[in-house]
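Chemist: Sequence and predicted structure below; questions after.
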Amino acid sequence: MRSSRFNDRGITLVESMIAILILGIGLVGLLSMQSPAWTTTARTDYLGRAAEILSKQLTDREALIMNPCNAIDVTPTTTTIRTSGQTTNQSGDIAFTVVTTTTSLGANIWRVTVRVSWPPLNSTGITESIVVTRQEPFRFGCT
């Protein structure tokens, strides 16, 4: 009788090994998700910065076109914008390539298309376009 009471207490070596095995499989699963999580975070960071640059470029170009005093250059432009704001490459800096195209759609109507990419990670980038017209209330800086 006494030996059966001692066998009911505690955990056996087999139970301990099964618990360690299940814990190990769980830890391996968690560690395997770490790399894709970092990749997704980096991609999201690049995309957010590109969207901010794209929005600023569209807004600046729209303001330029809306003012009847400004001449409109329809030559496509390609510029490099760095996240540090510097003109030269800094440590950890990201260079975004910005291509701005303005096409005339008729009298005082233009389409502005901006494409922002960050080679070599994303050579396609993101693109947005708007249609802008001259606005007499926006006349500023001319006589």
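Modeler: Thanks, I have the structure now. Numbers count the residues shown, from 1 in each chain.

Chemist: quick one: residue 139 from residue 60, how far?
Modeler: Taking CB to CB, to the nearest Å as the measure, residue 139 falls 18 Å from residue 60. Quick note: C-beta positions are derived from backbone N, CA and C, even for glycine.

Chemist: And residue 27, by the same measure?
Modeler: 50 Å.

Chemist: quick one: the helices in this protein?
Modeler: Assigned by DSSP state H, the helices in the chain fall at 2-7, 13-32, 34-66.

Chemist: Ramachandran angles for residue 76?
Modeler: phi -60, psi 140 (degrees, to the nearest 10).

Chemist: ok, it - contacts?
Modeler: 99-102 (CB atoms under 8 Å, 6 or more residues apart in numbering).

Chemist: which one of those residues sits closest to residue 67?
Modeler: residue 102 (14.2 Å; CB to CB).

Chemist: Which residue, neighbours along the chain excluded, lies closest to the residue most central in space within the chain?
Modeler: Geometric centre of the chain, nearest residue: residue 47, 0.9 Å, by CA atoms, centre = their mean. Leaving aside its chain neighbours, residue 47 sits nearest to residue 126 (7.1 Å; criterion: CB to CB, 6 or more residues apart in numbering).

Chemist: from memory residue 46 sits against residue 119, does it?
Modeler: No. Counting by CB atoms under 8 Å, residue 46 does not reach residue 119; the two are 11.1 Å apart.
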